[in-house]
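**Q** Sequence plus the predicted model coming up.
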Amino acid sequence: MADEILRVEDLHVSVEDTPILNGMTLTIHRGEIHVVMGRNGAGKSTLASVIMGHPAYEITKGTIHYMGTNIEEMSVFERARAGMFLSFQYPAVIPGVQVGTFLKKSVQSVRDEPLKGRAFRKELNAAMTALDMPKTVLSRYVNDGFSGGEKKRLEILQMLLLKPNLALLDETDSGLDIDALRIVAKGINSVAPQAGCLIITHYQRLLDHVQPHFVHVMIGGVIAQTGGPELALKLEKDGYEWLEATTEA
Amino acid sequence: MSDEAREAVGDYQFGFHDPENATIRFDKGLSEKVVRDISALKDEPEWMTDIRVKAYHHFMERAMPDWGNCGELNNIDFDNVTYFLRSSDATEKNWDDVPDDIKNTFDRLGIPEAEQKWLGGVTAQYESEAVYHSIREDLEDQGVLFLDMDSGLKEHPEVVKKYFGTVIPYSDNKFSALNTAVWSGGSFIYVPKGVHVEMPVQAYFRINAQNMGQFERTLIIADEGSSIHYVEGCTAPTYSTDSLHSAVVELIAMKGAKIRYSTIQNWSANVYNLVTKRGVAHENATVEWVDGNIGSKLTMKYPSVLLKGEGAHAEVISVAYAGAGQHQDAGAKVHHLAPNTTSSILSKSISKNGGRSSYRGMLQVTPKSHGCRSKIVCDALMLDSTSRSDTYPTMEIGNPTADLEHEASVSKVSGDQLFYLMSRGFTEEEAMGLIVNGFFEPFTRELPMEYAVELNKLLELEMEGSIG
Ligand SMILES: Nc1ncnc2c1ncn2[C@@H]1O[C@H](COP(=O)(O)OP(=O)(O)OP(=O)(O)O)[C@@H](O)[C@H]1O
Ligand SMILES: [Mg+2]
């Protein structure tokens, strides 16, 4: 597959001099869905944040290429404008800023063209309907007082509107009820064919709705094992211990 | 300028008369003679001259406040202030003299023909003349008096005499004394019994028709069962060549009346903004202050309400923004002087680039005032670690039945919020701007739409070029 979206090579990352990623290597092409699993604290969110450019993480070694370009010097907003998207494990609350205003401004800055009010509203309506979100969300403040599931739905709504080339989804399935899981999966599936997807999850159940091409297991800041959907099933059944044993050996 | 004024100036020793610009400008500094001459020039009744003179002496004798930012207060050079200035067509200020940063702000706020507007609102006058007149007519039909304070005194001396200085006597504080001695301009409003003025009344129109002074004096009286919303100021920077602004605003809400007074002021960084604002609420009346303070070197302003009649209600919503070298010492005072009175105070402040904002509040419940309720919320947001925020709440609770709530919070913009917003395409400055606008939202939503939009834009501009 020629259309390479993301290439992470031998990535080492530290926070305040504590190493967290210790040589991650991963390549994602357009149309591919990669799933990353691993114990709490394995470094999954760190990987997603560092790809998105979080300033708190220091790359001590290795590179990240996005669509063929080394993005080390790109700031967070430039990455967003270049088509990278992160659905947060813990989306931030922005008090006093209405969702509607926020979405419009965000889409405007990422698309870098003036938005036609009516066309945007139509698009927004369609996306919200697809995600079964009530219109009242638009006048609420961003993530303020949102339930866990509402927050995740808002993340997916943003993904649908921003139409990224690279979608990093950090535990977007956590805290979703069964119906919401199905709806969110539908959202992911609608974006996935045009994008590279990296889905971080703890549960195999999302994979009943979203078919991954690769499943990676992270242990101690590296990929310990890569397989297909069957790997997720095995993890669900056996946990991580058998893998850790082989890694240590 | 009127002929009388020109005549008066002819034999005025301290001033000079520039026939070309038809401008009256007094020499700098204050004396009893200056005060008397201001009064004479305006052809005021004797009682007003007397009050001015008394106030002048009180001002001279009165010590500087020994609280607030004393260091800054003592830097004020009263001898270097021009206490009276009048120009015939307000074009006396030259656009070329306006500092570039202020001109730029006008441009970026998208205020078209800023120059014309700057020049005393010439544009506003001809563009808004129709609007202005229709509003005036509409109000007049309902018997509402809406004039500048000088005309108010001329045309309705009996009303002015009855209420002037009753809420804020000249002896209230040093700056109310100064204002009473040299006041000029401001608004005079009387709303008759039972009249509800539906649209917000904007000083904007009047200011553009008159040359607004720096010691303006405003008096608003809402008679029984009436209501009015008065909006003063605008978000365009108020550039003042003189560095002292000291206004007095008195509100009187009679039984069952409601007055809301909204202000946003954006002063240039050389200004001392020392304003006394107080309202009286009689039985079941409501007084609301919506007060926004941006800019200035030092602002000391604590809109207050005297809840005099049973069941009266006070509401104070204020925001302050302190940037580099600025101190916003703002807050609210509410005095529960009657039973079953209620009040709510919301104060929000932002400090940035070493700016300082202080909340100074006073809540009083007198012993005979049972069944009072009050809620005070103070939120401070710090945009960096060099800025400062402090609170000085004072409570005098004389009645044990009072139901009081007080919440205070100091927060910082979190790295997580910035990362989240930037991952959605916003630059760091834009992200800060959104967070700041969101923080002020409980204030902004109380403003008429056009003011809210302007304020948000202004705050976004304030966030630019300051992060690094
Ligand atoms: N900003 C930070 N400061 C200090 N430690 C951090 C920081 N960010 C991450 N860490 C540490 O790095 C390790 C990896 O964290 P990370 O959030 O990437 O884990 P995760 O795999 O996403 O875990 P979970 O499944 O619980 O979400 C943890 O031990 C965490 O405490
Ligand atoms: Mg995580």
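**A** Arrived safely. Ligands and ions are numbered 1, 2, ... in the order given.
**Q** Do whichever strand or helix holds A:Glu78 and chain B come into contact?
**A** If you go by DSSP states H and E, A:Glu78 is part of helix A:76-81. Yes - residues of helix A:76-81 contacting chain B under Cβ under 8 Å from any Cβ of the partner chain: A:76-77, A:79-81. Backbone N, C-alpha and C define where each C-beta goes, glycine included.
**Q** What about ligand 2: which of those residues touch it?
**A** Among the residues of helix A:76-81 next to chain B, no residue sits close to ligand 2 (Cβ under 5 Å from the ion).
**Q** so what's the nearest residue to B:Asp390 once chain neighbours are set aside bridging to?
**A** In space, and not counting its chain neighbours, B:Asp390 is closest to B:Ser358: 5.0 Å by Cβ to Cβ, 6 or more residues apart in numbering or on different chains. Per DSSP bridges, the residues bridged to B:Ser358 are B:Asp329, B:Asp390.
**Q** again with B:Asn293
**A** Using DSSP bridges, the beta-bridge partners of B:Asn293 come out as B:Gln265, B:Ala320.
**Q** in the helix holding A:Glu78, what's buried?
**A** Using 16 or more other Cβ atoms under 10 Å in any protein chain shown as the test for burial, helix A:76-81 gives A:76-77, A:79-81.
**Q** what ranges of the chain fall below the confidence cut-off?
**A** I'll assume chain A. Scanning chain A with the threshold set as pLDDT under 70 gives A:1-2, A:246-249.
**Q** wait, I meant chain B there
**A** By pLDDT under 70, the low-scoring segments of chain B are B:1-25, B:85-136, B:203-213, B:233-242, B:450, B:465-468.
**Q** which residue does chain A bring closest to ligand 2?
**A** Residue of chain A nearest ligand 2, by Cβ to the ion: A:Ser45 (3.1 Å).
**Q** That residue and B:Asn173, how far apart?
**A** Between A:Ser45 and B:Asn173 the computed distance is 56 Å (Cβ to Cβ, to the nearest Å).
**Q** How about A:Leu233?
**A** Counting by Cβ to Cβ, the gap from A:Leu233 to B:Asn173 is 77 Å.
**Q** Show me which of those two is the more surrounded one.
**A** Each of A:Leu233 and B:Asn173 has its neighbours counted (other Cβ atoms under 10 Å in any protein chain shown); B:Asn173 has more, 19 against 14.
**Q** re the thing from before, so which of the residues of helix A:76-81 next to chain B comes closest to ligand 1?
**A** Ligand 1 has its nearest neighbour among the residues of helix A:76-81 next to chain B in A:Val76, at 15.0 Å by Cβ to the nearest ligand atom.
**Q** Up against ligand 2, what does chain A have?
**A** Applying Cβ under 5 Å from the ion, we find that chain A lies next to ligand 2 at A:44-45, A:89.
**Q** In the residues you listed, which residue is surrounded by the most others?
**A** Highest neighbour count within the residues of chain A next to ligand 2: A:Lys44, with 24 neighbours (other Cβ under 10 Å).
**Q** Backbone dihedrals for that residue, both of them.
**A** In terms of degrees, to the nearest 10, the main-chain angles of A:Lys44 are phi -70, psi -50.
**Q** Any idea what the closest residue to it other than its chain neighbours is bridged to?
**A** Leaving aside its chain neighbours, A:Lys44 sits nearest to A:Ile200 (4.6 Å; criterion: Cβ to Cβ, 6+ apart). Going by DSSP bridges, A:Ile200 is paired in beta bridges with A:Val36, A:Asp170.
**Q** Helices of chain B, residue ranges please.
**A** B:3-10, B:32-41, B:46-61, B:70-73, B:100-108, B:114-118, B:122-141, B:149-155, B:157-163, B:174-182, B:203-209, B:415-422, B:428-444, B:449-463 (DSSP state H).
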